[in-house]
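Visitor: pasting the sequence and the predicted coordinates here, then a few questions.
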Amino acid sequence: MPSRFISRLFIIGILFLSFGFYTNAFAQTASTTQTINAEILSNVWYSTTTINEKDVINIYAGFQNHSDKNLSGTAGFYVDDVEIAKTDFTAGPKSLIKLETPYTAVAGNHKAQVKILSIKESSIDNLLASESEKKSLDVKYEITKEVVLAKAEDVANNVVNTINQYTDKLADYVESLKKPTESANSISKSTSQGKVLGTSTDNVLKNDKKPFSLYNSFIDVLVFLIHKWVWILAIIFLFIIYSIFKKD
């Protein structure tokens, strides 16, 4: 009788311990899978609407805790998907808190985003939302004398290079308009057996130079002027300036 009682008591104890372990495991599983009534707000905003290069601004996001317990964790700030900062936060029950970090603006068009990286009380997968939307961040270039001069120089170089390409093609075309001329040597060879007006061509043409052509010389001058278009443009500009001041 005593041994049977002890056996039953042992079995009841095992069942009680098993039930407690199962209940605890179920509670832990439920706590890790249960959705938390809290989220990061979708919008991101900045401390100013006009942002210039090298300005130090604040990037903001909101975290809403609708639940009845404290939530604490870490948020990450990203610009163009690159993490720029982390910040720890604590949100009380039924509260809305602001997440923020400073940022030194870099010129150009960017995208900013804030993400919840961890929640101590649970998993971020249980939040209603753990990432904000990507917000456009338009940073204007800093305008200085050096920047303006550099931009003007780049534009001028591009214009000159483009015009040079066209002038080279134009010069080649003008060069192709030259009329072919025979050399003096070829003329002397073709007439060496005879006389022209009673005078030997061997005595008249004694070298291998091309005969002078006024038309071809004009073409040569024109090609030269085409290649020197920058100087011609500068001379015209100076002449216009001189004319304006002369009238005054």
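Guide: It's in. Keep in mind the model is a prediction, meaning the values are calculated, not measured. Numbers count the residues shown, from 1 in each chain.

Visitor: please count neighbours and contacts with C-alpha atoms only from this point.
Guide: OK.

Visitor: quick one: Ile236 from Ser243, how far?
Guide: With the distance defined as C-alpha to C-alpha, to the nearest Å, Ile236 ends up 10 Å from Ser243.

Visitor: what does Glu153 give?
Guide: 28 Å.

Visitor: just Asp154 next, same as before
Guide: 30 Å.

Visitor: do the same with Phe218
Guide: Counting by C-alpha to C-alpha, the gap from Phe218 to Ser243 is 29 Å.

Visitor: surely Tyr60 forms part of a strand?
Guide: Yes. Per DSSP: H, G, I helix; E, B strand; the rest coil, Tyr60 lies within a strand segment.

Visitor: doesn't Pro102 make contact with it?
Guide: No. Judged on C-alpha atoms under 8 Å, Tyr60 makes no contact with Pro102 at a distance of 9.1 Å.

Visitor: who's more crowded, those two?
Guide: Tyr60 (19 against 15; other C-alpha atoms under 10 Å).

Visitor: partners of that one in the sheet?
Guide: Taking DSSP bridges as the rule, Tyr60 bridges to Trp45, Glu100.

Visitor: that one and Leu137, how far apart?
Guide: Between Tyr60 and Leu137 the distance is 12 Å, computed by C-alpha to C-alpha.

Visitor: which SS class is the spatially closest residue to Gly108 that is not a sequence neighbour?
Guide: Using C-alpha to C-alpha, 6 or more residues apart in numbering and skipping the chain neighbours, the partner closest in space to Gly108 is Val139 (5.2 Å). Secondary structure, three-state DSSP: Val139 is strand.

Visitor: was I right to think Val139 contacts Thr48?
Guide: No. Between Val139 and Thr48 no contact is recorded; they are 11.1 Å apart, counting by C-alpha under 8 Å.

Visitor: who has more neighbours out of the two?
Guide: Legend: neighbour count by other C-alpha under 10 Å for Val139 and Thr48, higher for Val139 (19 against 10).

Visitor: next one: phi and psi at Glu175?
Guide: Note on Glu175: its backbone torsions stand at phi -60, psi -40 [degrees, to the nearest 10].

Visitor: show the contacting residues for the most centrally placed residue in the chain.
Guide: In the chain, the C-alpha nearest the mean C-alpha coordinate belongs to Gly108, at 7.2 Å (C-alpha atoms, centre = their mean). Residues in contact with Gly108 (C-alpha atoms under 8 Å, 6 or more residues apart in numbering) are Asp138, Val139, Lys140, Tyr141.
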